[in-house]
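A.B. asks: A structural model of the following input is requested.
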Amino acid sequence: MLATNCDNDTDTLRVVERMQMFLTRVEVQRTLTTARKPMRPVKPTVVERFENGFLLRWCASKADDEKQALHFHYELQYGFRYTGSWKAVHVVEDTEYRLTDLKPGTSYMVRVRALNPKGWSTFSETIQVTTLKPKNGDSIAEKGMPSGFFSMIGALPDAYDELVKSIIRPPRAVYDVDELGAKRFRITSNKGKSNIYKRTDFEVLNSRNLKLKCSHWEPEERGHNNKKKKKRPILIYLHGNCGCRVDAIECLEGALKNDMTVLGVDLSGSGHSEGEYITLGWNEKEDVWDLIRYMKAKGTVSSVCLWGRSMGMMYQIDFFFLLLTLKQQQQQQQQVL
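C.D. replies: Below you'll find the model as predicted:
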């Protein structure tokens, strides 16, 4: 209880202010001790674009208690579309920010997450924003297409560079590991039996010393640890140009119900794996070979099935040509011997 002598109105006001400050601190402390991690923010929206940046706005994150939203800080991350790397900007409580010092006519990926004393939220959905082109930089359609391919390249080096990058460095898939689903779950097989399955995340070092992020879904073996595991066919999912191992979920249930295991992978240059560029199958076929050898070495694989989606089908075809070449080389060596 607060006690003081109130000789005049000034002293009375001071006491009231102290009491209000005290009650505010108590309320803030109560909120912070009962808070949970903030919810995922809604994806940011573009308010205005400029040549050297853009103005973004997003909704305040929510929590179990509406009062907790008053104590959120935010981190805005942006990155050049083709690199897959991010730069962070710390925003204190505001839900609006103007990014500057960016390149004109360039596409950027942007996402935001919230912070409170309990930790970080997951990132918002990623958006793509393109800064305005310089006023004197007319588009190809406005200038008209030059005659001849090389004359076009000479007149539009930036457009050519953009075209090349769009092929060898498309936007990386941005995802959280939680999107891969539960690490232990049940599925009813085609025979009506409820089986328990598990997901194991690991890394494979490919022949170019790049780490490939992988996830393997398989039945959970019961019994003694020294019991020999049953050999099963494995389905290796090869994602598309801008895909990742999360895409393997689309064939997960069907494969597991048919007594197969599933391997999802971020091929080099994609998703969370190392690598600066994709090569449209040139290096990816070697990744597939490294993955097969790694899984076969475990002694639990009876046969291999490749599932290619979009550009992943090209990786699959390139890999088959690699096998054909190796087989021909082997036959030639046998003939020489």
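
A.B. asks: which stretches of the stretch 101-250 of the chain have low pLDDT?
C.D. replies: 136-169, 223-227 (pLDDT under 70).

A.B. asks: all strands for it, in order.
C.D. replies: 107-116, 119-120, 127-130, 184-188, 194-205, 211-219, 232-238 (DSSP state E, counting those that start in this stretch).

A.B. asks: so what's the residue lying closest to residue 268 once chain neighbours are set aside up against?
C.D. replies: On the basis of CB to CB, 6 or more residues apart in numbering, the spatially nearest residue to residue 268 that is not a chain neighbour turns out to be residue 275, at 3.6 Å. Every C-beta, even on glycine, is put in place using the N, C-alpha and C of the backbone. Taking CB atoms under 8 Å, 6 or more residues apart in numbering, we find residue 275 in contact with 210, 268-269, 283.

A.B. asks: before we move on, what about residue 130?
C.D. replies: So residue 130 contacts 49, 105-108 (CB under 8 Å, 6+ apart).

A.B. asks: quick check, nearest of those residues to residue 42?
C.D. replies: residue 108 (18.8 Å; CB to CB).

A.B. asks: any idea how far that closest one lies from residue 288?
C.D. replies: Per CB to CB, to the nearest Å, residue 108 is found 32 Å from residue 288.

A.B. asks: ok, these two, which is more surrounded?
C.D. replies: Neighbour tally, residue 108 and residue 288, criterion other CB atoms under 10 Å: the higher count belongs to residue 288, 26 against 19.

A.B. asks: list the buried residues in the strand or helix carrying that one.
C.D. replies: According to DSSP states H and E, residue 288 maps onto helix 284-296. Using 16 or more other CB atoms under 10 Å as the test for burial, helix 284-296 gives 284-292, 294-295.

A.B. asks: counting contacts, what elements does the next helix or strand after that helix pack onto?
C.D. replies: Going down the chain from helix 284-296, the next helix or strand is strand 301-308, by DSSP H and E. Applying 3 or more CB pairs under 8 Å, 6 or more residues apart in numbering; DSSP states H and E, one finds that strand 301-308 makes contact with strand 232-238, helix 284-296, helix 311-336.

A.B. asks: got the angle for strand 301-308 vs strand 232-238?
C.D. replies: 20 degrees (axes from the mean of the first three to the mean of the last three CA atoms, to 10 degrees).

A.B. asks: please export the C-alpha coordinates of strand 301-308 as PDB.
C.D. replies: The C-alpha coordinates for strand 301-308 follow below in PDB (Å, rounded to 0.1, in the frame of the first residue of the first chain):
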ATOM      1  CA  VAL A 301      16.500 -51.400 -50.000                       C
ATOM      2  CA  SER A 302      15.300 -54.200 -52.400                       C
ATOM      3  CA  SER A 303      14.700 -52.000 -55.400                       C
ATOM      4  CA  VAL A 304      14.600 -48.300 -56.400                       C
ATOM      5  CA  CYS A 305      11.800 -46.400 -58.000                       C
ATOM      6  CA  LEU A 306      12.300 -42.800 -59.300                       C
ATOM      7  CA  TRP A 307       9.400 -40.400 -59.300                       C
ATOM      8  CA  GLY A 308      10.100 -37.200 -61.300                       C
END
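
A.B. asks: just checking: what are the partner strands of it?
C.D. replies: Applying DSSP bridges, strand 301-308 is found paired with strand 232-238 (parallel).

A.B. asks: residue 43 is nearest to which of the strands of the stretch 101-250 of the chain?
C.D. replies: Among those, strand 127-130 sits nearest to residue 43 (CB to CB), with 5.5 Å.

A.B. asks: picking up where we left off before, need the contacts of residue 275 in CSV (columns: neighbour count and distance to residue 193).
C.D. replies: Converted to CSV, these look like this (neighbours: other CB atoms under 10 Å; distance: CB to CB, whole Å):
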residue, neighbour count, distance to residue 193
210, 19, 40
268, 23, 38
269, 21, 40
283, 20, 41
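
A.B. asks: of all the residues you listed, which comes closest to residue 131?
C.D. replies: residue 269 (25.2 Å).

A.B. asks: per-residue pLDDT, the nearest residue to the closest one once chain neighbours are set aside?
C.D. replies: Using CB to CB, 6+ apart and skipping residues adjacent in sequence, the residue nearest residue 269 is residue 275, 3.6 Å away. For residue 275, the model assigns a pLDDT of 89.

A.B. asks: let's verify residue 275: helix, strand, or coil?
C.D. replies: For residue 275, the assignment made with DSSP: H, G, I helix; E, B strand; the rest coil gives coil.

A.B. asks: what is the burial count for residue 177?
C.D. replies: Neighbours of residue 177 (other CB under 10 Å): 14.
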